[in-house]
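Participant: Fold the following, please.
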Amino acid sequence: MNNYAAIDIGGTNSRFAIIKDDKVIFRESFPTNLVDPIESMKPLISLLNQHTITNLGICLPGVANYDEGIIISGANIPNWVNFNMKNFILTNTKVEKIVFENDANAMAYAVHSYYKKTKKDITQFFTISTGLGAGLVYKDEIYSGYSFQGLEIAWMPASFNKEKNHLSTGSCEYFSSGSGIEKRANKIFGKSLTTKEVFDLYNKDDKAKDIIDEAIETLGSTLAIVISIANPNTVVIGGSVARNNKWYIDAAIAWAKKNSLPSQFNVIEFLDDPYGDDCALFGIDALAKKK
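Facilitator: Residues are numbered from 1 along each chain as shown. The predicted model follows:
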């Protein structure tokens, strides 16, 4: 008997779930140990053995060899370098098969399936939370690129601002994601502010308004660039920053519309993320069961 489970490795928490009939029937989460991947794996290994899991789907952020299950460098788990997660799990559990995927790709597959899209549809997904990620489904398959880094857009120079940062000049993640907005606010205000606090100051403080306006412009530019390359007919934008600040997303979409070829933009149906925080779990579970 095949017992399936899904794992979502995040920069803050790692989550384990068992999904049946499109419902989560069991879930548990643990803080992700950013320094030691093996310490992070221990509670998950315990759950895999407790539930006698044989088939597993795992999604995570960053660069990895997804065929081999080796994390090369995690976006929000920077010290998980060259960690062979597949070998570690197979050695310490009864798991027989593992499907690995980038978390944004898993989310893209989840919404593509939820909205019953077909091989004729191209679904583009963006997640905007701590970081900024993207995934694309084309002909009912995830587009991974040559080295599993297709749509790995965090470094994409989409901003017109050349302010130096820890990524690239004009990095879309630095200017538009939650962590990027916080980093810019801390530099400009000279004190720590959360993403929520910066958004709350939008109509009260010119510096906060400038930060968010540049975030809107950069996110709009990101959307326009990807739309021009991928030519999707479905776009879904999820993630905590997107969910909590819908007007921010609407403003970026409006910016993208003004700066896109109408014949490319006008075919797009913008849809809501139906799964919220569980989107990656549903996506990687579906992929594990498909493969």
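Participant: Please pull up the helix or strand immediately following the host helix or strand of Ser46.
Facilitator: Ser46 belongs to helix 37-50 when assigned by DSSP states H and E. Next in sequence after helix 37-50, counting helices and strands by DSSP H and E, comes strand 55-60.
Participant: partner strands of the next helix or strand after that next one, parallel or antiparallel?
Facilitator: Once strand 55-60 ends, the next helix or strand along the chain (criterion: DSSP H and E) is strand 63-65. Strand 63-65 pairs in its sheet with strand 70-73 (antiparallel), by DSSP bridges.
Participant: tell me the mean pLDDT for the strand it pairs with?
Facilitator: Strand 70-73 comes out with an average pLDDT of 87.
Participant: Could you export that strand as PDB, CA atoms only?
Facilitator: Coordinates of each C-alpha in strand 70-73 appear next as PDB, following Å, rounded to 0.1, in the frame of the first residue of the first chain:
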ATOM      1  CA  ILE A  70      20.400  17.700  -3.700                       C
ATOM      2  CA  ILE A  71      20.000  21.200  -2.400                       C
ATOM      3  CA  ILE A  72      22.700  23.400  -3.900                       C
ATOM      4  CA  SER A  73      21.800  26.700  -2.200                       C
END
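Participant: Show me what counts as buried in it.
Facilitator: By 16 or more other Cβ atoms under 10 Å, the buried positions in strand 70-73 come out as Ile71. (Each C-beta comes from the backbone N, C-alpha and C, glycine too.)
Participant: what sits up against that strand?
Facilitator: 37, 60, 62-65, 77, 80-86 (Cβ atoms under 8 Å, 6 or more residues apart in numbering).
Participant: Same check on stretch 30-41?
Facilitator: 9-14, 16, 43-44, 71, 77-80, 83, 85, 88-89, 92.
Participant: Distance from the chain centre to that stretch, please.
Facilitator: 19 Å (Cα atoms, centre = their mean, to the nearest Å).
Participant: Likewise for stretch 204-222?
Facilitator: Per Cα atoms, centre = their mean, the centroid offset for stretch 204-222 relative to its chain is 21 Å.
Participant: In helices, which of the contacts of stretch 30-41 fall?
Facilitator: Secondary structure from DSSP state H places 43-44, 85, 88-89, 92 of the contacts of stretch 30-41 in helices.
Participant: Need the max-distance pair from those.
Facilitator: Within the ones in helices among the contacts of stretch 30-41, Pro43 and Met85 form the most distant pair, 14.4 Å apart (Cβ to Cβ).
Participant: When the two are compared, which one has more neighbours?
Facilitator: Using other Cβ atoms under 10 Å, the more surrounded residue of Pro43 and Met85 is Met85, with 24 against 15.
Participant: doesn't Leu56 make contact with that one?
Facilitator: No: between Met85 and Leu56 there is no contact under Cβ atoms under 8 Å: 10.4 Å.
Participant: mind checking the longest helix of the protein?
Facilitator: Longest helix in the chain, counting residues (DSSP H): helix 206-230.
Participant: hmm, who's touching the very next helix or strand once past it?
Facilitator: Next in sequence after helix 206-230, counting helices and strands by DSSP H and E, comes strand 234-238. Contact partners of strand 234-238, identified using Cβ under 8 Å, 6+ apart, comprise 107-108, 111-112, 115, 117, 121-128, 223, 227, 249, 268-273, 275-276, 279.
Participant: Parallel or antiparallel, which strands does strand 234-238 pair with?
Facilitator: Assessed with DSSP bridges, strand 234-238 is paired to strand 122-128 (parallel), strand 269-271 (parallel).
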